[in-house]
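>>> just need the structure, nothing else, for what follows:
(chains A, B and C)
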Amino acid sequence: MKAKIADRDGALAWIFLMPSVVYILALVAVPFILAVGLAVSDVTAGDPSFNFVGGKNFEAAFSDPVFWRSLGNTFLFTSVSMVLIVILGKVVANILIADFKGKWFVRFLVLLPWTTPVTLGAISWLWLLDSIYSPIDWVLRQLGFLAPQGNGSNMYWLGEPGLAMLSVIAVHVWRLTPLAAVIMMAGLVAIPKDMDEAARIDGAGWWRRMFEVTIPMTLPVIAVAALFGAIFTFTDMAVVDVLTNGGPNNATQVLTSWAFFRGIDGGDIGQGAAVALFLFPLLMAAAIAILRAVRKLEVH
Amino acid sequence: MAAKGSARPVMPRVALYLAAITVAFCSAAPFLWSVITAFKQNRDLYNPDNNPFLFNRPPTPDHIAYLFEKTAFGTYLWNTLWVGVLVVLITLVLGLPAAYALARLDRPWAGWFGIVIFLVYLVPPSLLFLSLSRIVVALGLQDSTWSLVVIYPTITIPVSIWLLIGFLKAVPRDIEEQAMVDGYSRLGAFWRAVVPLTFPGIVAVVVFAFTLTASEFIYALAFVSPSSEKVLSTGVPTELVRGDVFFWQSLQAATIIVALPLAFVFNLFLDRFIAGFTQGAVKG
Amino acid sequence: MAIVEVAGLVKEFDSGKVRAIDSVDLATKEGEYLVLLGPSGCGKTTLLRTIAGLEQPTSGQVLINDTVVTHLPPRARQIAMVFQSYALYPHKTVLGNIVFPLRAARVNPQERQRKAEWAAGLLGIEHLLARKPRQLSGGERQRVALARALVRDPQVFLLDEPLSNLDAKLRASARDELKRFQQEVGTTTIYVTHDQVEAMGLGDRIAVFSQGKVRQIGPPTEVYDDPADTFVATFIGSPPMNLVPDGEKLVGFRPEHLLPATVLNGDAMRIELAVQRLEYLSGDRHLYGTATGIGEPTRVISRLPATVTEPVEPGQTYDFAVNRDKVRYFDAASGLRTTS
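Below you'll find the predicted structure:
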């Protein structure tokens, strides 16, 4: 009996990895390079022939005020959502890690926003925030905050620029908090029990244990959750697309939805690619931050 | 002092229950609203004077029937299901061996390779969909659900590898070495001893990957436009909205029908998922 | 004929930074029970794993049945191994565990069943065949692991600290069972342990390991009575051999040979023992004191068997002695045995 390939770890490692690597190279790396190519071309939906145009697409994109508006919105969405997602995720994780009756059911309800396909969740909100039939408005009317009927009796959650922004952020936070909570639960579970017990014996109260043991110990996981939250918010367009379609008057337009609007709906693929590519350096920065957080985790 | 161990302080318990109820309510509120809406008659729903939280007229199942009889909802459900199943299969067939190679075959580059794969997960669809749509055209898959079967594994493979590494590292090395001593090759040991032991973790990954697939929106919107080829995430919002006429009750019913089973199954495997997440990250 | 032989075996880890096995030559005799004994981290488990084919040596050869198997995978080596954890497949029944190697060898179902029943019968676990490993006690798990090893008809059994997961009470009976099992089966066995009691009780020969090297190999009595160096002298024996520095030499003698001068006759080396402390252990008396008169004053231990009834009090000094033929000398610099 001789050694076959199935016995050789080195060869096997390559054979096992190759399919995944090829798949990802073909459908992530290649399109990525292609995206760079499209961004410097004049390809449109109507005229798919490739002509090099240099930075023209970028110039065109940058000269459009909607681009800058989208960029600003993207940062606002991402930063506000991320902070809220992390704080709420931490709170929810601490609740779900505790023991109480009906925990299974509470977990089930908390998971709903994350497991539901994002567009369907957003549709629920679209109806909740409806310009006429929103039950929130009805409650406000009953409490006397809004006029009983007719003009001024509705909030127009998705019609007023400020409120629309607030609504989109609220939906993002609602949707991503469960994921952040699950990630942070993983971090909490990983803390050795005796560490917490030692702190208890040393006489540390709940808040002291939280801030001097739990949070420092789970900081890397919190960082991972924050960046997951950031990247999901940063790159998502489904919520915007369903709730406001970028409106009113581009008040909720983000880079992703703008790229989609220009590239697919508008047919100017070159410019769409240029806008999408603009995301990349920002994402790389986030990715490097994740890398560091993961490194920290591994040192543990 | 004597009772301290047995009788727990009451106030923190009350606070915990209040917090849990609040969190559960905030998460579920839009869905509760959806459930009420789905059974309402039009004349009840579209009257701003009615208390929207009550049934002012008897509840009706008509809108759910409409969803299945008059719309392509069944097709979307079916498309999402088979796309999800195929994507999960591709993910496991490619991802499981790759995760094993990185977790167990002791290659010196396994560490950074794992990190690179994790980073791939962070490359967003929004950056790739324009050029991917060209590739989809080149493959002749434009406007076909099959394009999603081909593209979705790029999302699910990296994150699944990452999770599977965690589960595979939790299998004692002894077990696979025992299988090798018992007369199996490394491949045989992987297949007959390691995979059966990783099974619960694999199921958790299946559920997670399926959830990601069902949720995906950008690719589905960009690559597939014919109604019969659409999946839930694109089909429901586009087909149940005619111009500015929304079929609200049916839309809400669709949301609930999809949301509840997914959350239920995910919750079943939540603990495993958490375990995999930690081990993938911590035990480097 | 040597069943297992290793020649010039070297195993390095971390690209040469750690030498787990440092040029080891070793050969088993047919049907022999060879124990690899050493402290944890001495390389004994690495050696066993290298013989099994789970590790590739950096250099050197492994031979099984006079065939070079250095580069063959474990499955091609006709070996059976029992891990410290027993590594039972938790998802299979006891029967499933036992027939697993037979399925690898594509033995037909009737033959599989027959062999599994034979092995289970030999180890007295027929009534457990339908159970899952988690329903078994530690001792039963060991027997299942042995049965699984047995059905392979191996050239050699490799056992890696199989008793260390059992509690102290069970260990004695499990050890007894291992010995009986091997005597019945008669297969060559290599057994790794850090426990000298196991080594002394089980081994036909003991190979004492330290820092990747074989310090001494021989029958238990030889390793105990004639240690090759100070490492072996102090590693084996409880309490260990006393070593008293005397110029370039170390004078070594076992605690049970340091006895009151009055009970010894014949040619004895006299030692003054200032007793500081006294312990009663299982009927024996252990005396802790300082020895003078044979070199530098040194802390030594004397073990008086129950048959020696001389009264001894802490704080007093007594005339003790060691029979000359029980005294061993070592070179102070190298630690190796020297003659007187």
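>>> around chain C, pick out the residues from the stretch 151-284 of chain B.
Applying Cβ under 8 Å from any Cβ of the partner chain, we find that the stretch 151-284 of chain B lies next to chain C at B:172, B:174-175, B:177-186, B:188, B:192-193, B:196-197, B:199. C-beta: built from backbone N, CA, C; applies to glycine.
>>> repeat the analysis, applying 7 Å as the threshold.
Those residues of the stretch 151-284 of chain B that sit near chain C, judged by Cβ under 7 Å from any Cβ of the partner chain, are B:172, B:174-175, B:177-178, B:180-185, B:188, B:193, B:196-197.
>>> phi, psi of A:I136?
When quoted as degrees, to the nearest 10, the phi and psi of A:I136 stand at phi -60, psi -40.
>>> what's it in contact with, if anything?
Neighbour list for A:I136: A:L128 [criterion: Cβ atoms under 7 Å, 6 or more residues apart in numbering or on different chains].
>>> helix, strand, or coil at the nearest residue to B:L187 once chain neighbours are set aside?
In this structure, B:L187 finds its nearest non-sequential neighbour in A:A6, 3.7 Å apart by Cβ to Cβ, 6 or more residues apart in numbering or on different chains. Secondary structure for A:A6, judged by DSSP: H, G, I helix; E, B strand; the rest coil, is helix.
>>> so where's chain C shaky on pLDDT?
C:1-2, C:340 (pLDDT under 70).
>>> show me which residues of it are close to chain A?
So far as Cβ under 7 Å from any Cβ goes, chain C lies against chain A at C:H71, C:L72, C:P73, C:A76.
>>> of the residues you listed - the most surrounded one?
C:P73 (23 neighbours; other Cβ atoms under 10 Å in any protein chain shown).
>>> show me what contacts C:R103?
Under the criterion of Cβ under 7 Å, 6+ apart, C:R103 has no neighbours.
>>> which strand or helix spans it?
Using DSSP states H and E, C:R103 falls within helix C:94-104.
>>> quick check: next helix or strand after that helix?
Using DSSP H and E, the helix or strand that follows helix C:94-104 in sequence is helix C:109-123.
>>> after that next one, next one along is what?
Counting by DSSP H and E, what follows helix C:109-123 is helix C:138-150.
>>> so how far is the helix or strand just after that following helix off the chain centroid?
In the C-terminal direction, the helix or strand that comes right after helix C:138-150 (DSSP H and E) is strand C:156-160. Averaging C-alpha positions (Cα atoms, centre = their mean, to the nearest Å) puts strand C:156-160 13 Å from its chain's average.
>>> which strands border strand C:156-160, and is each parallel or antiparallel?
Strand C:156-160 sits in its sheet next to strand C:79-82 (parallel), strand C:188-193 (parallel), going by DSSP bridges.
>>> neighbouring contacts of it?
Contacts with strand C:156-160, where a contact means Cβ under 7 Å, 6+ apart, come from C:3-4, C:45, C:48, C:51-52, C:64, C:79-84, C:149, C:187-192.
>>> next one: stretch B:135-155
Applying Cβ under 7 Å, 6+ apart, the set of residues contacting stretch B:135-155 from outside is A:23-24, A:27-28, A:31, B:79, B:83, B:86-87, B:90-91, B:94, B:132, B:212-213, B:216, B:219-220, B:223-226, B:229, B:231.
>>> quick one: C:A321 from chain B, how far?
Distance, C:A321 to chain B, by Cβ to the nearest Cβ, to the nearest Å: 51 Å.
>>> pretty sure that residue is in a strand, no?
Yes: the assignment for C:A321, made by three-state DSSP, places it in a strand.
>>> and A:V30, what helix or strand is that in?
Judged by DSSP H and E, A:V30 forms part of helix A:30-39.
>>> again, but for C:T28
Per DSSP H and E: strand C:18-29 holds C:T28.
>>> state the next helix or strand along the chain beyond that strand.
Using DSSP H and E, the helix or strand that follows strand C:18-29 towards the C-terminus is strand C:33-37.
>>> and the helices in the stretch 51-200 of chain A?
A:56-63, A:65-97, A:103-115, A:118-128, A:135-142, A:161-190, A:193-201 (DSSP state H, counting those that start in this stretch).
>>> my read: A:V28 touches B:Y121, true?
No: the criterion here is Cβ atoms under 7 Å, and A:V28 misses it with B:Y121 at 9.8 Å.
>>> where in the stretch 1-150 of chain B is pLDDT low?
Regions of the stretch 1-150 of chain B meeting the criterion pLDDT under 70 cover residues B:1-9.
>>> about what we covered before: can you tell me which of the residues of chain C next to chain A are up against chain B?
By Cβ under 7 Å from any Cβ, the members of these lying near chain B are C:P73.
>>> got the residues of chain C next to chain A as a markdown table, with secondary structure columns?
A markdown table is the format used below for the residues of chain C next to chain A (three-state DSSP):
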| residue | secondary structure |
| --- | --- |
| C:H71 | coil |
| C:L72 | coil |
| C:P73 | coil |
| C:A76 | helix |
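>>> let's have the residues of chain C next to chain A in TSV, adding distance to A:P65.
Listed next are those as TSV, based on distance: Cβ to Cβ, whole Å:
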residue	distance to A:P65
C:H71	70
C:L72	72
C:P73	67
C:A76	72
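>>> picking that back up, which one of the helices of the stretch 51-200 of chain A lies nearest to A:L277?
Taking Cβ to Cβ, helix A:56-63 is the member of the helices of the stretch 51-200 of chain A nearest to A:L277, at 8.5 Å.
>>> poorly predicted segments of the stretch 201-300 of chain A, please.
In the stretch 201-300 of chain A, residues with pLDDT under 70: A:290-291, A:293-300.
>>> quick one: contacts for the spatially most central residue of chain B?
Geometric centre of chain B, nearest residue: B:T211, 1.0 Å, by Cα atoms, centre = their mean. Neighbour list for B:T211: A:T115, B:L262, B:F266 [criterion: Cβ under 7 Å, 6+ apart].
>>> also A:L179?
A:W114, A:F228.
>>> one more: B:E176?
When contacts are counted by Cβ under 7 Å, 6+ apart, B:E176 is found next to B:A189, B:F190, B:A193, B:V194.
>>> please redo it, this time with the cut-off set to 10 Å
Residues in contact with B:E176 (Cβ atoms under 10 Å, 6 or more residues apart in numbering or on different chains) are B:100, B:104, B:168, B:184, B:186, B:188-190, B:192-194, B:197, C:54, C:87.
>>> what of B:A209?
Contact analysis of B:A209 by Cβ under 10 Å, 6+ apart lists B:84, B:87-92, B:95, B:152-153, B:155-157, B:159-160, B:163.
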